[in-house]
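Participant: Build me a model from this:
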Amino acid sequence: MFVDVQRIGAMSISQLNGAEGPPDSAVQNRLTAAGLVLATLFFAGSFAMQLHAQSKSGRTFAETFAYLEVALVVGALMAIASITGLLACQQCLASDRAWYKSKRVWFIVATVAQYLSISQAMSAGLTELVFGIKHTFEAAFLAHMLAVAASIFWVLLLWVAPIHALRSWWPHLWRGERVIVALLYIVLLMFVLLSNAMIYAMQDGVSDTWASLLWALLQQFLQPMMWLRPWAGSLAV
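Facilitator: Numbers count the residues shown, from 1 in each chain. Reported below is the predicted structural model:
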């Protein structure tokens, strides 16, 4: 029985790049992972609400955790996009030169969206924990160590893993498929980065200019390092 399971797993991996597209077993595995990401996001939201209820701050939940709310919404949207792509993938019989009929396109886009959703689940779940370790327990070295570790995963989830996936599938895609998967990756990535950059800039009270937005966007490249500092603006916690 164990040999049969190994054979099925090897067949699933080998079929990811095939003309017929990924097997249903690979699609089901990613559907399960997308469901776990959604559960993590909802748990992070519940945790933040309980944390706010126990705090002595006079600010509303929206004022205190606006950045976390954005991470939850963006992460949920990415997870829903992944689930939608995987369900569409199951409806396609094989890859087709028309991108909207291509099983491979839906699968690749769903995989990329899933990486981005995991990054937002990490942001929503760990921001307050890392901040609390530094400012509540005054363990600056430990907090910085955790932020650096989170930054590594942040880079892996936003750039390394999606680009590696695209490069792995690239030689097996039609020209139209290449255009659509590359374009959608850029659109989804910019949506994640811009959404987080805008709310971080708002909570930090920076001026509403293109230069400040660009700087906030660049800071999102290593967002976990920003978890260590308090807000400087009028909405600061």
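
Participant: Taking the centroid of the chain, which residue is nearest it?
Facilitator: Centre of the chain computed as the mean C-alpha position; nearest residue by CA atoms, centre = their mean is L116, 2.3 Å away.

Participant: what about that one, distance to S195?
Facilitator: Per CB to CB, to the nearest Å, L116 is found 11 Å from S195. C-beta here means a position set from N, CA and C on the backbone, and glycine is covered the same way.

Participant: cool, W215 as well?
Facilitator: Relative to S195, and taking CB to CB, W215 is found at 16 Å.

Participant: Which one's more surrounded, these two?
Facilitator: Legend: neighbour count by other CB atoms under 10 Å for W215 and S195, higher for S195 (17 against 13).

Participant: Can you tell me the closest non-neighbouring residue to the more buried one?
Facilitator: Distances taken as CB to CB, 6 or more residues apart in numbering place V74 nearest to S195, at 5.0 Å, with adjacent residues excluded.

Participant: Surely the one you found is in contact with F191?
Facilitator: Yes - under the criterion of CB atoms under 8 Å, V74 makes contact with F191 at 7.3 Å.

Participant: More neighbours: which of these two?
Facilitator: More crowded of V74 and F191, by other CB under 10 Å: V74, with 25 against 15.

Participant: so which strand or helix has the more buried one?
Facilitator: For V74, the element it lies in under DSSP states H and E is helix 66-91.

Participant: In that helix, which residues are buried?
Facilitator: Buried residues in helix 66-91, counted by 16 or more other CB atoms under 10 Å: 66-79, 81-83, 85-86, 88-89.

Participant: Equivalent analysis for stretch 163-182, please.
Facilitator: Of the residues in stretch 163-182, A165, L166, W169, L173, W174, E177, R178, I180, V181 count as buried by neighbour count, 16+ other CB under 10 Å.

Participant: Stretch 133-142 too?
Facilitator: I133, K134.

Participant: Then stretch 111-130?
Facilitator: 111-128, 130.

Participant: Stretch 142-156 too?
Facilitator: A143, L146, A147, A150, S151, F153, W154.

Participant: Which of these fall in strands?
Facilitator: In strands, judged by DSSP state E, none of those are found.

Participant: Pipe the residues you listed into CSV and attach pLDDT and distance to I186 per row.
Facilitator: Shown next, in CSV, are the buried residues of stretch 142-156 (pLDDT from 0 to 100; distance: CB to CB, whole Å):
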residue, pLDDT, distance to I186
A143, 92, 33
L146, 94, 30
A147, 95, 27
A150, 95, 24
S151, 96, 22
F153, 95, 21
W154, 97, 18
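
Participant: how many other residues sit next to F221?
Facilitator: If you count neighbours by other CB under 10 Å, F221 ends up with 14.

Participant: pLDDT score assigned to it?
Facilitator: The score at F221 is 94. That number is its pLDDT.

Participant: who are the neighbours in contact with it?
Facilitator: Shown in contact with F221 (CB atoms under 8 Å, 6 or more residues apart in numbering): V155, L193.

Participant: Reduced to three states, what does it come out as?
Facilitator: Using DSSP: H, G, I helix; E, B strand; the rest coil, the structure places F221 in helix.

Participant: what residues are up against F131?
Facilitator: Taking CB under 8 Å, 6+ apart, one finds A143, W227, L228, P230 in contact with F131.

Participant: distance of the last one from I163?
Facilitator: Computed with CB to CB, the distance linking P230 and I163 is 34 Å.

Participant: Ok, V187 next?
Facilitator: The gap separating V187 from I163 is 15 Å, by CB to CB.

Participant: Do I have it right that M198 meets L213?
Facilitator: Yes - the criterion here is CB under 8 Å, and M198 meets it with L213 at 7.0 Å.
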